[in-house]
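1. Pasting the sequence and the predicted model now:
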Amino acid sequence: MKLVLKTIGFTLLMVYLAVCGFVWRSGQPGMVYRDIRVVICDSANAQFVSRHDVMQVVNSADSLRPVGKRADLFNAYGLEQALEHIALIADADCYATPDSTLRIDIYQRHPILRVKSDVMRDCYVDTDGRLMAYKPCRKAIDVPLATGNIDSEMATGQLYELAAWLQHHKKWNRDIEQIHVGRDKQIRLIPQRGSHTILLGDATDMDDKFDRLETFYDEVLDEKGWNRYKTLNLKFKNQVVAEKK
């Protein structure tokens, strides 16, 4: 009997929360929208999407324009879907506020790598490993730059893995100035310190490769000078092969 009562109570609670959620998102019955408020929730981190971009979508069809319509009859979910078709938007939330306003919260996609390729258009790779169109931004995006023979498979595969690793290792993320992919599909890194390049090969065994590089920096370059070598090769296990200038 207790189990039955608990089940009924839980079901009623879920129904109550669902109704509250609907009312919260749709507004009080009979409420008519008088205004729209667009909030770019992560504008401090990136400025790819503007209010103008959002309002272009809102004004593109009568069914997407809320002003003058009853909140409980307006299809806010349909507007969310339309906004999420903008390539630079990760998520959109539309809901009524007590002052008869439709609030639109926009969350942008976040790049972790900029790609300037020889074989495809300039783009970004985002935190989910997807390509996103390159768009100049008023605020500089502090992500590594990858150049060279980069196709979409390379960008969303090995280079995404490398960029994601760098994101979690801030010291190296600051130190690596550029990533370059040659015709041989080998990954080379250009650091800020020294005049050498780092031959990474591929984006496997990242922890091991950068541990060896750090040891070489500490035990060799700090002693013999940062401009002594042309290339530091990390492709081979348990060693750093250094090519002198």
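-> Thanks, I have the structure now.

2. continuing past the helix or strand bottoming out on mean pLDDT in the chain, what's the next helix or strand?
-> Ranking every helix and strand in the chain by mean pLDDT, DSSP states H and E puts helix 2-26 at the bottom, with a mean of 46. With elements assigned by DSSP states H and E, the helix or strand that comes after helix 2-26 is strand 35-40.

3. what are the pairing partners of that next one, and which direction each?
-> strand 101-108 (parallel) (DSSP bridges).

4. Just the residues contacting the strand it pairs with, thanks.
-> Here strand 101-108 makes contact (Cβ atoms under 8 Å, 6 or more residues apart in numbering) with 33-42, 45-46, 48-49, 54, 58, 66-67, 71, 74, 76, 79, 83, 88-97. C-beta here means a position set from N, CA and C on the backbone, and glycine is covered the same way.

5. Going by neighbour count, which of these are buried?
-> 33, 36, 38, 40, 42, 46, 48-49, 54, 58, 66, 71, 74, 76, 79, 83, 88-90, 92, 94-96 (16 or more other Cβ atoms under 10 Å).

6. ok so, going back, show me the contacts of strand 101-108 that map onto strands.
-> If you go by DSSP state E, the contacts of strand 101-108 have 35-40, 89-97 in strands.

7. just curious, which of those is nearest to residue 215?
-> Nearest to residue 215 among the ones in strands among the contacts of strand 101-108, counting by Cβ to Cβ, is residue 90 at 39.1 Å.

8. Quick check, that closest one in contact with residue 132.
-> No - the pair residue 90 and residue 132 fails to qualify as a contact (Cβ atoms under 8 Å) at a distance of 9.5 Å.

9. Mind listing the shared neighbours of those two?
-> Common neighbours of residue 90 and residue 132 (criterion: Cβ under 8 Å, 6+ apart): 109, 126.

10. residue ranges with poor pLDDT in this structure?
-> Scanning the chain for pLDDT under 70 picks out the ranges 1-29, 137-140.

11. tell me the domain ranges of it?
-> Residue ranges for the domains of the chain, per automatic domain parsing: 2-108, 111-244.

12. ok, residue 38 to residue 186 distance?
-> 45 Å (Cβ to Cβ, to the nearest Å).

13. Could you do residue 72 as well?
-> Counting by Cβ to Cβ, the gap from residue 72 to residue 186 is 60 Å.

14. surely residue 194 meets residue 224?
-> No - if you go by Cβ under 8 Å, residue 194 and residue 224 don't touch, sitting 11.2 Å apart.

15. Could you check which of those two is surrounded by more residues?
-> residue 194 (17 against 11; other Cβ atoms under 10 Å).
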